[in-house]
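Participant: this one's structure only:
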């Protein structure tokens with residue numbers, strides 16, 4: 001009888017230990033998923049932009065219906081379009097992108113007539129970026145790494 005009680009106690013101890021380990025693993029994987037859920041993948045609309053001088057924001061401009069700018073990121077590709085109702089010119093671009101911890105690099109393959117002029121000179125556009133759950137900023141930097149101009153976006157989906 002004593003051996004049975006000891007065996008049952010050891011079995012229950014092992015069962016509860018395994019159960020607690022499983023819970024800790026599940027909690028860790030949930031936290032890991034939350035951290036990795038930050039992604040540019042989705043549809044974004046520009047809400048404002050900043051001008052910088054010596055690393056300080058000097059001007060803030062809100063976007064409006066007359067100048068809408070939408071970006072769509074998939075797993076590998078980016079496409080953006082800009083509606084400038086005061087101007088008949090078209091602005092759009094399509095290509096691929098990659099991100100590091102601090103840089104967003106868009107390599108455009110083609111775009112509107114106006115944008116194609118920029119793409120012909122250099123198809124690669126490199127920005128610093130700040131990404132949060134439902135907003136991000138892409139920041140144009142000068143050759144010394146100082147911010148010059150930023151576009152601020154909110155996630156539409």
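Facilitator: Perfect, I can see it now. The structure displayed is predicted, hence computed values, not measured ones. Residues are numbered from 1 along each chain as shown.
Participant: In the protein, where is pLDDT below threshold?
Facilitator: The chain contains residues with pLDDT under 70 at 1-37, 85-88.
Participant: Would you map the helices across it?
Facilitator: 2-36, 113-121 (DSSP state H).
Participant: mind listing what's buried in the longest strand seen in the chain?
Facilitator: Determined from DSSP state E, the single longest strand within the chain is strand 42-53. For strand 42-53, a neighbour-count test (16 or more other CB atoms under 10 Å) marks 44, 46, 49, 50, 52 as buried. The way it works is simple: take the backbone N, C-alpha and C, and place the C-beta from them, glycine included.
Participant: Stretch 55-62 now?
Facilitator: Of the residues in stretch 55-62, none is buried (16+ other CB under 10 Å).
Participant: same thing with stretch 137-155?
Facilitator: Buried residues in stretch 137-155, defined by neighbour count with 16+ other CB under 10 Å: 137, 138, 139, 141, 147, 150, 151, 152, 153, 155.
Participant: out of everything not next to it in sequence, what's closest to the residue nearest the centre of the chain?
Facilitator: Residue closest to the mean C-alpha point of the chain, counted by CA atoms, centre = their mean, is residue 40 at 2.9 Å. Of all residues not flanking residue 40 in the chain, residue 73 sits nearest, at 4.3 Å (CB to CB, 6 or more residues apart in numbering).
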